[in-house]
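A.B. asks: Need the 3D shape of this:
(chains A and B)
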2 protein chains.
Amino acid sequence: MSLLVVGSIAFDCIKTPAAEVHDVLGGAAVYFSLAASHFSPVRLVGVVGRDFPESHLKMLADRGVDTAGVEVAGGKTFRWSGEYFGGMNRRETRSVELNVFESFEPKIPARFRESEYVFLANAPPSTQASVLDQVRKPRFVMADTMDLWIRTQRSDLDALLRRVDGIVINDDEARLLTGSESLVRAGKDILEMGPQRVVLKKGEHGGMLFTREKVIPLPAYPVAELRDPTGAGDSFAGGLMGYLASAGNVETASFQRALARATVLASFTVEDFGVRRLLEARREDIEQRYREYCSLLRVE
Amino acid sequence: MSLLVVGSIAFDCIKTPAAEVHDVLGGAAVYFSLAASHFSPVRLVGVVGRDFPESHLKMLADRGVDTAGVEVAGGKTFRWSGEYFGGMNRRETRSVELNVFESFEPKIPARFRESEYVFLANAPPSTQASVLDQVRKPRFVMADTMDLWIRTQRSDLDALLRRVDGIVINDDEARLLTGSESLVRAGKDILEMGPQRVVLKKGEHGGMLFTREKVIPLPAYPVAELRDPTGAGDSFAGGLMGYLASAGNVETASFQRALARATVLASFTVEDFGVRRLLEARREDIEQRYREYCSLLRVE
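C.D. replies: Predicted coordinates:
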């Protein structure tokens, strides 16, 4: 089934204790698309500047990502620069240049408007809502958000939460959104705000899925050599939505298989800088790690 | 099969954001014994002062804990006082009075010396080693340790690690012991120090089991209302060793079933203060949560 993602396309500068890279392809919607593309064609809506090389768009297209919704605006592409410390649990943003992303008003191409699966990558909640105004009866809509919108655009965010089927949110954001120190309590409280499914992410510690019926722990795949955590959350979301779109339903069993793929995609992403490992991994590598992961968790 | 535990018996004062209790029964060997006793008889070796009420010993005996190895020394029982903050991720020790535990020299009763499963709860590594000098050919020996011994008694600890089959260690201790920020790397490095099995604990985030062949994630059971984290790690160890002793083997499949029981026992412990919930839970409650936990992790 069809899968639409709307969100940032960026150039990243990333520094870790081990190495540093400059102006590599990044952005939430890019990580999402490349992860999802292992399972399903992807429709990408975003904005880039005139400095964005055609070769990146071609690479995305070669991967089954329809870039018809990528607007080329006058100005420069969104740039993010950050540094990771120690065991990479701590990240500091060194600079953010929103550039063309600052005035991003997503325009969903006519042929994308009947997309059945929709992912609203991190953006102001009013921008995310404008996407929902343009699509017709999607089967499953999932959104990401961030601390900034929780602090500054709470009523827009509350309204959005009532319109989506699922949300992905990290531990600190969940605490901020609910005021609850307990993550289990926080996840349950977010369900009360609207979404049927809450995926609470805890970085290297994995995450938890909350539904009306259950709280399902989602341990991370144990990666031996973590090189760059950038994009792990968006790769997780891409693996999740890409697999769901390919399965064509969001029943609990499909959802759990999708979450396991999501975990696997995130584990590939962090093994190398930027999107490198996402591009390198083949579907058979993903399925092999998926089987290994499921078997590690299975108590016989 | 027979199970021996050697370690502290204490009175605890515990303060959390919700409540405070004074002089409740605690200590690593007590949590361990009560958790393990749900699966197997337990042989307990420890020391208490003359202030330790007979009723606690009787309660332990009623639970299938053989207290013949509990020495009553002149002086007061070990006392610990601590406070938890926020989401209970942060603990501050307010006071420690070692009292009779300071000069604890475990004397293993003759009829405990052929114990097949042995748990060395946290104590100076030389004290733990003295237990191994007194037992005959145990099948499986597991030890706990702490940051203090890693810092101050490293050569004793290194020697102990070469004599045990398994170790339970928390995340900070594992980093301190190996100098590795990556927990996956740290766990693998500890395997190189001797033990065949390393259980790396991450508190509310669960843990990981390291063997020569695999790294198995062990997510925590999602507890809705965490009331007191004291004793969670020792209850985990008790559930693990108690189940292994009842299974009579340490093959990988049994070990995974034991780890799932361990997770469940820890989850009960944190639901109430002190050992209260460990005493209250019935075997059928444990098995029901065990089945639920396994099913949450199973990707069909």
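A.B. asks: all contacts plus neighbour counts: C-alpha atoms, from now on.
C.D. replies: Will do.
A.B. asks: near chain B, which residues of the stretch 51-200 of chain A show up?
C.D. replies: Residues of the stretch 51-200 of chain A lying close to chain B (C-alpha under 8 Å from any C-alpha of the partner chain) are A:86-87, A:181-182, A:184-185.
A.B. asks: Can I get those in TSV including pLDDT?
C.D. replies: Listed next are these as TSV, based on pLDDT from 0 to 100:
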residue	pLDDT
A:G86	79
A:G87	76
A:E181	89
A:S182	91
A:V184	95
A:R185	95
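A.B. asks: hmm, which of these are the buried ones?
C.D. replies: Listed as buried from those are A:87, A:181-182, A:184-185; burial here means 16 or more other C-alpha atoms under 10 Å in any protein chain shown.
A.B. asks: of all the residues of the stretch 51-200 of chain A next to chain B, which two lie farthest apart?
C.D. replies: A:G86 and A:R185 (29.7 Å; C-alpha to C-alpha).
A.B. asks: follow-up on the earlier one: turn the residues of the stretch 51-200 of chain A next to chain B into TSV, including distance to B:R175 and secondary structure.
C.D. replies: Shown next, in TSV, are these (distance: C-alpha to C-alpha, whole Å; DSSP: H, G, I helix; E, B strand; the rest coil):
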residue	distance to B:R175	secondary structure
A:G86	11	coil
A:G87	10	coil
A:E181	26	coil
A:S182	25	coil
A:V184	27	helix
A:R185	30	helix
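A.B. asks: between those, which is closest to A:D272?
C.D. replies: Of all these, A:D272 sits closest to A:G87, with 14.9 Å by C-alpha to C-alpha.
A.B. asks: Chain neighbours aside, what residue packs nearest to that closest one?
C.D. replies: Closest residue in space to A:G87, ignoring its immediate chain neighbours: B:E181 at 4.7 Å, by C-alpha to C-alpha, 6 or more residues apart in numbering or on different chains.
A.B. asks: Please report phi then psi for that neighbour.
C.D. replies: phi -80, psi -30 (degrees, to the nearest 10).
A.B. asks: which residues does it contact?
C.D. replies: A:86-87, B:175 (C-alpha atoms under 8 Å, 6 or more residues apart in numbering or on different chains).
A.B. asks: Then A:K76?
C.D. replies: The neighbours of A:K76, taking C-alpha under 8 Å, 6+ apart as the test, are A:48-52, A:99-100.
A.B. asks: State whether it is indeed within a strand.
C.D. replies: No. Read with DSSP: H, G, I helix; E, B strand; the rest coil, A:K76 is coil and lies in no strand.
A.B. asks: What about the residue nearest to it when sequence neighbours are not counted, how many residues nearby?
C.D. replies: Of all residues not flanking A:K76 in the chain, A:G49 sits nearest, at 4.2 Å (C-alpha to C-alpha, 6+ apart). For A:G49, the neighbour count with other C-alpha atoms under 10 Å in any protein chain shown is 19.
A.B. asks: go on, A:L25?
C.D. replies: Applying other C-alpha under 10 Å, we find 18 other residues in the vicinity of A:L25.
A.B. asks: same deal with A:A19?
C.D. replies: For A:A19, using other C-alpha under 10 Å, the count is 10.
A.B. asks: again with the one 5 residues further on
C.D. replies: Neighbour count of A:V24, defined by other C-alpha under 10 Å: 17.
A.B. asks: And it, how far from A:D51?
C.D. replies: 13 Å (C-alpha to C-alpha, to the nearest Å).
A.B. asks: chain center to stretch A:7-18, what's the gap?
C.D. replies: With C-alpha atoms, centre = their mean, to the nearest Å as the basis, stretch A:7-18 stands 15 Å off its chain's centre.
A.B. asks: Just the CA coordinates for that stretch, please, in CSV.
C.D. replies: What follows is stretch A:7-18, C-alpha atoms only, in CSV (Å, rounded to 0.1, in the frame of the first residue of the first chain):
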residue,chain,number,x,y,z
GLY,A,7,9.5,16.1,6.8
SER,A,8,13.0,17.5,6.8
ILE,A,9,15.7,16.9,4.3
ALA,A,10,19.1,18.2,5.5
PHE,A,11,22.8,18.4,5.4
ASP,A,12,24.3,17.2,8.7
CYS,A,13,27.7,17.8,10.3
ILE,A,14,28.2,15.0,12.9
LYS,A,15,31.0,14.7,15.4
THR,A,16,31.5,11.7,17.6
PRO,A,17,34.4,10.7,19.9
ALA,A,18,35.7,8.6,17.0
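A.B. asks: hmm, it in reach of chain B?
C.D. replies: No. Under the criterion of C-alpha under 8 Å from any C-alpha, chain B is not reached by stretch A:7-18; the shortest gap measures 11.0 Å.
A.B. asks: Break down the stretch 151-300 of chain A into its strands, ranges please.
C.D. replies: Secondary structure of the stretch 151-300 of chain A by DSSP state E, counting those that start in this stretch: the strands cover A:166-170, A:197-201, A:207-210, A:215-218.
A.B. asks: Please render these as CSV that adds distance to B:G242 to the earlier fields.
C.D. replies: What follows is the strands of the stretch 151-300 of chain A, written out as CSV (distance: least, C-alpha to C-alpha, whole Å):
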stretch, distance to B:G242
strand A:166-170, 36
strand A:197-201, 33
strand A:207-210, 28
strand A:215-218, 24
